[in-house]
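> how would this look folded up:
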Amino acid sequence: MESWAKQKIESYNGKHSVGRSKDDGEQMRMKEGFYYYRRKLYYGTYDEDQTAGSGYVRPEDLTPELAEHFSGRDRAVFRFWENHSLLEPEYADLQAILSKMSLFMDLNTEQEVDFSPAEKRLRMKLPREFKLIYTALYDQAEYFSSAERFLTLDEFYVEEGKLIFFQKKRTAIAGYDIASGRLSQYYKKEWSIEKGDVSFYQFCVGRMITIALEAKPEVKKGRCKVEFVTALNIAKELEAFCNDKYHLLSGFEVYGIAVMYSEDKLIAWIRSNGFYGDVSLRARWTRGIWKNSGNTWGTSCGTEKGSPMHFHLRPEGDGSSAVSGGNDKSEFEVEEMAVEFVEPALPSPA
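Alright, predicted model coming up:
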């Protein structure tokens, strides 16, 4: 089956002639074959210019369905640069992660949104991934009113072959490259596509989470040390701290970053950059958090070591961080500390 990505490029090229930045590639060169996505083997259509390496299919990865495509002449398998156009299985993953995020963020994945006015104004069909993202965001003011924000459907515009959808203050900083389906970012007064950068999917999900965090009230900063700072797979390090209440957000696979959440809408964005990390805390309750011996956290109610403390490391490249909860102010003591987690057994908000 021909991919949606190929259909959208043909549709766009038939209607528009828009200039491209010097970093843009040519029109997508679609190929059908085996590829690995998140350590799982698939067979389907992809842009061969966005592949990052190749190998051979491992027979143990073949399902009966995939085996139908396997032959002595067609054994090659490809992997992709991080910043690539969405593959077919990624659409289902994007829809699934947005549904999970709606458990602890103000999102609505079930509503119906009329995209036709924006498509008519732009004279193009909006990409499928745009519709998934904007269905969830629609009518949620916080994502369209912060200093770094998503553009509304009425504000979308095309510039140098990019569908512009995100800005910082009044400057556009992120766009969707229409020709290649990849994320393009504005840096040093020009648009560029970095192969090793995050994808459109990862950028949008990450910004949605950090905007939701920034919408919460209180933040204090400190610094964490030891293995949680230098871990190459921070999500794996945090698995031991998950339980019935605290969960890792699966599906958001960005190197060095993990997201945790709770049923009480606490969110933790945890970043390991290999060197150091600051930690800032946010919560929804007005009492209970205190420092113990400079390196652990607990509450006046008493806690048990081994459960996760909530913190969020902002993705700003400098190890800065924050934690978010609800709407009431909280008091924190923060100083340099080792990362040892304890569960804040705080009273539920009124």
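
> packing partners for the helix or strand containing residue 92?
Using DSSP states H and E, the element containing residue 92 is helix 88-101. Packing partners of helix 88-101 (3 or more CB pairs under 8 Å, 6 or more residues apart in numbering; DSSP states H and E): strand 40-47, helix 128-137, helix 200-214. For every residue, glycine as well, the C-beta is placed using N, CA and C.

> ok, and what's touching the second one?
Pointing back at helix 128-137 there. With contacts defined as CB atoms under 8 Å, 6 or more residues apart in numbering, helix 128-137 is touched by 4, 8, 86, 91, 94-95, 98, 101-102, 107-109, 111-113, 115, 126, 143-144, 150, 153, 163, 165, 176, 200-201, 204, 208.

> just the angle between it and helix 200-214, please?
20 degrees (axes from the mean of the first three to the mean of the last three CA atoms, to 10 degrees).

> and the helix or strand following helix 128-137, which residues are buried?
Remark: after helix 128-137, the chain's next helix or strand is helix 142-145, criterion DSSP H and E. Across helix 142-145, burial judged by 16 or more other CB atoms under 10 Å covers 143-144.

> do the same with stretch 123-132
By 16+ other CB under 10 Å, the buried positions in stretch 123-132 come out as 124-127, 129-130, 132.

> mind checking the pLDDT average for that stretch?
Summarised as a single mean, pLDDT over stretch 123-132 is 96.

> and it, end to end?
In stretch 123-132, first residue to last residue: 19 Å (CA to CA, to the nearest Å).

> what do you get for stretch 240-247?
Stretch 240-247 stretches 10 Å from its first residue to its last (CA to CA).

> quick one: mean pLDDT for that stretch?
Stretch 240-247 shows a mean pLDDT of 88.

> and if you look at stretch 217-227?
For stretch 217-227, mean pLDDT rounds to 58.

> and what of stretch 159-171?
Stretch 159-171 comes out with an average pLDDT of 95.

> show me what it is in contact with.
Stretch 159-171 has contacts (CB under 8 Å, 6+ apart) with 18-21, 24, 122, 126-127, 130, 147-151, 156-158, 172-179, 184, 186, 191, 203, 207.

> would you write a PyMOL line that selects the buried entries of the residues you listed?
Applying 16+ other CB under 10 Å to the contacts of stretch 159-171 leaves a buried subset, and the PyMOL line that selects it is:
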select buried, resi 20+21+24+122+126+127+130+149+150+151+156+158+172+174+175+176+177+178+179+184+186+191+203+207
